[in-house]
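[1] everything below, folded, please.
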Amino acid sequence: MTDKIFRVNMGDLSVKIEDVPTPLQGLGGRALTSTIVATEVPPTCHPLGKHNKLIFAPGLLSGTRAANSGRLSAGAKSPLTEGIKECNSGGTAAQLMARMGIKALILEGIPAEGQFYALKVTSEGVEITAESDLLGEGNFALIEKLKVADKKDCGLLSIGQAGERCQLSANISVKDPDGKLRSLGRGGLGAVMGSKGVKYILIDAVDAPKRVSVVDEDKFKVAAKTFAKALIDHPVCGSALGAYGTNVLVNIVNEVGGLPTKNFRTGQFDQHEMISGEKMSEMIEARGGKVKHGCHAGCVMQCSQVYVDKEGNYVTSGFEYETIWGMGAHCCIADLDILAQADSVMDDIGVDSIEMAVTIGVAMEAGIIEFGDGPGLLKLLQEVKEGTPLGRILGSGAGVTGKVYGLSRVPVVKNQAIPAYDPRSVKGIGITYCTSTMGADHTAGYSVATNILKCGGFIDPLQKEGQVELSRNLQIATAAIDSTGLCLFIAFAVLDDETALPAIVDMLNARFGISLTADDVTALGMSVLKTERAFNQAAGLTNAHDRLPEFFVDEKVPPHNAIWDFSDAEIDEFWNF
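    Residues are numbered from 1 along each chain as shown. The predicted structure follows:
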């Protein structure tokens, strides 16, 4: 099967199936979405207008037997940051699209005002039908009414009420193998999908092959086995993430004084144990939920979970550290049940749980509700769901909310909310927040791995030395990983196990019958970053946007009394490669 590009124009409701141009044939995932955005989207266009495009692309290894290779990339110009955006998610869509021979699905144009549609994607093309019955419904209702929860060969990409309203915090939900939700989370890509008038995309792979073709199957099997073993043998990938999920980090980050608390006033939360991964795992096990759960087929880490209430009823899944931190320590709420309810609501209405959690903290800063008010948090999320005037403000993210209420203490970079690590106490991640082409994004170059978890060595998180180089190297590596369709968490094993990276290179070579080297993979990562930065510069983002808010420079954060002490020149040195 020869891969194709499916192009859907929502302006005239036309569909084209195109051969993959030569320059795009060796690309996948983030490399592909960012290249198409940079090539086809005018950098200064309105992100919710007809000139922006929304691209979905599986990774280079998606659809193979490779462990943890089920990530789907989505890209567009971000309505939140006004720059380029790629985010990726687990779920079933990436593997199904790869099996169907879909190199990329591109949505372009916008329909007549107020018109919404549903897309059904098969290997033969895309069927477009008007959609009105499901407008106003949340993501959970969509899965139920479309009856796709347990259909393994059926994928679903959808938006909730926030995406329909083109809210800047809106994300795109992705169905996982058990009918639970994953998210193409950050940067407002759900708003872009809403602007295209697309309520949902149904991916029907019933007639597709069970795996993509591989040029050298024997070589691939050997490399895939080596790679899976590297993941399983690693203490983070093979043990900690499965036992406690990403929330294993609460106690760890609190211990080192990097857990932002009460809107980044201190680096420790005195009730951290009540929201920790250990506590969460204990509660899930006692209630009969699932401590381990995979977000896509072939995951050997199982860092997701199924969180249930006291009666054993399902509440949420994929309950992540950053979300729990944002509503927990950041908002000073120490009740996991309330945080789980909030996570479920955010999944249903389709908003980025990091952006929204930080926004709620900003709302507390403004005095709308008090810090620590769990029921108040749930009421604010209801405002977002209903689209009230306050809900529309909050749904526009932390930056907009801070401006509306006249605040200076607003933790954003490029208008995107800063996640769950204080950059003064974990300086490597601060460099990533500043320089990432995506806005404040911990996943862009996860220096926490080396600053705190001591993967790939150790660089003191409180010292400046080596942090720029660390972030740069990790951002290059991450851009490459995001292009393969592999989960970011494989990076822990890649940093520590000398067999992991060669196995990835061998899998790529066996898959396509090529002869890449590790240097070629690094070059790919560099190329992706340069492409994204060039787009951002053309869109009007300058070095002045690569900065943390002033309060990080002016205020020391307890317990270490650390400060953000990088000069502008030191930050700008990041791009000298």
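
[2] domain parsing for this protein?
    4-204, 247-421, 423-496+515-577 (automatic domain parsing).

[3] just the mean pLDDT for the longest one, thanks.
    The predicted model gives domain 4-204 an average pLDDT of 96.

[4] so which helix or strand takes in the residue of the chain most remote from its centre?
    The outermost residue of the chain, judged against the average C-alpha position, is residue 218 (33.2 Å), by CA atoms, centre = their mean. Assessed by DSSP states H and E, residue 218 sits inside helix 217-233.

[5] in that helix, what counts as buried?
    Within helix 217-233, the residues scored as buried using 16 or more other CB atoms under 10 Å are 219, 220, 223, 224, 226, 227, 228, 229, 230, 231. Heads up, the C-betas are built off the backbone N, CA and C, glycines and all.

[6] who are the contact partners of residue 456?
    449, 450, 495, 496 (CB atoms under 8 Å, 6 or more residues apart in numbering).

[7] so which of these are in helices?
    449, 450, 495, 496 (DSSP state H).

[8] where's the first one relative to residue 271, distance?
    For residue 449, the distance to residue 271 under the criterion CB to CB, to the nearest Å works out to 26 Å.

[9] okay, the two: which has more neighbours?
    For residue 449 versus residue 271, neighbours defined as other CB atoms under 10 Å are more numerous around residue 449 (23 against 16).

[10] now the residue nearest to that one when sequence neighbours are not counted. Its backbone dihedrals?
    With CB to CB, 6 or more residues apart in numbering as the criterion, residue 449 has its nearest non-adjacent residue at 4.3 Å, and that residue is residue 455. Note on residue 455: backbone dihedrals following degrees, to the nearest 10 are phi -90, psi 130.

[11] correct me, but residue 455 touches residue 500?
    No - look at residue 455 against residue 500 with CB atoms under 8 Å: they stay out of range, at 11.5 Å.

[12] report the contact partners of residue 98.
    58, 59, 62, 63, 64, 212, 485.

[13] in which helix or strand would I find it?
    helix 93-99.

[14] what packs against the next helix or strand after that helix?
    Next helix or strand after helix 93-99 toward the C-terminus (DSSP H and E): strand 102-108. Under the contact criterion of 3 or more CB pairs under 8 Å, 6 or more residues apart in numbering; DSSP states H and E, strand 102-108 touches strand 4-9, helix 29-40, strand 53-58.

[15] now the ones you listed as a markdown table including distance to residue 193 and mean neighbour count?
    Below are the helices and strands packed on strand 102-108 laid out as a markdown table (distance: least, CB to CB, whole Å; neighbours: other CB atoms under 10 Å):
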| stretch | distance to residue 193 | mean neighbour count |
| --- | --- | --- |
| strand 4-9 | 12 | 21 |
| helix 29-40 | 14 | 24 |
| strand 53-58 | 6 | 28 |
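
[16] looking at those, spot the one closest to residue 515.
    helix 29-40 (18.4 Å; CB to CB).

[17] so the closest one versus strand 102-108, what angle?
    40 degrees (axes from the mean of the first three to the mean of the last three CA atoms, to 10 degrees).

[18] nearest to residue 236, out of the domains of the chain?
    That would be, of these and by CB to CB, domain 423-496+515-577, which comes in at 4.3 Å.

[19] residue 330 and residue 265 touch, don't they?
    No - taking CB under 8 Å as the definition, residue 330 is not a contact partner of residue 265, at 9.9 Å.

[20] higher neighbour count, the two?
    residue 330 (31 against 17).

[21] who's in contact with the more buried one?
    260, 261, 262, 263, 264, 357, 358, 361, 420.

[22] just the pLDDT at it, thanks.
    98.

[23] that one: which element?
    Per DSSP H and E, there is no helix or strand for residue 330.

[24] excluding its backbone neighbours, what's nearest residue 129?
    residue 118 (5.3 Å).

[25] got phi/psi on that neighbour?
    According to degrees, to the nearest 10, residue 118 has phi -110, psi 140.

[26] the one 3 residues further on now?
    Residue 121 has phi and psi values of phi -110, psi 120 when expressed as degrees, to the nearest 10.

[27] my read is that it contacts residue 7, right?
    No - using CB under 8 Å, residue 121 is not in contact with residue 7; the gap is 12.0 Å.

[28] just the CA atoms of stretch 556-568, as PDB, please.
    The C-alpha coordinates for stretch 556-568 follow below in PDB (Å, rounded to 0.1, in the frame of the first residue of the first chain):
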ATOM      1  CA  LYS A 556      12.800  34.100  45.300                       C
ATOM      2  CA  VAL A 557      11.000  30.900  45.700                       C
ATOM      3  CA  PRO A 558      11.200  28.900  49.000                       C
ATOM      4  CA  PRO A 559      12.500  26.600  50.300                       C
ATOM      5  CA  HIS A 560      15.800  27.200  48.400                       C
ATOM      6  CA  ASN A 561      15.100  30.900  47.800                       C
ATOM      7  CA  ALA A 562      16.000  30.200  44.200                       C
ATOM      8  CA  ILE A 563      15.700  32.900  41.600                       C
ATOM      9  CA  TRP A 564      15.600  33.000  37.800                       C
ATOM     10  CA  ASP A 565      19.000  34.500  37.100                       C
ATOM     11  CA  PHE A 566      19.600  33.900  33.400                       C
ATOM     12  CA  SER A 567      20.400  36.900  31.300                       C
ATOM     13  CA  ASP A 568      18.700  37.500  28.000                       C
END
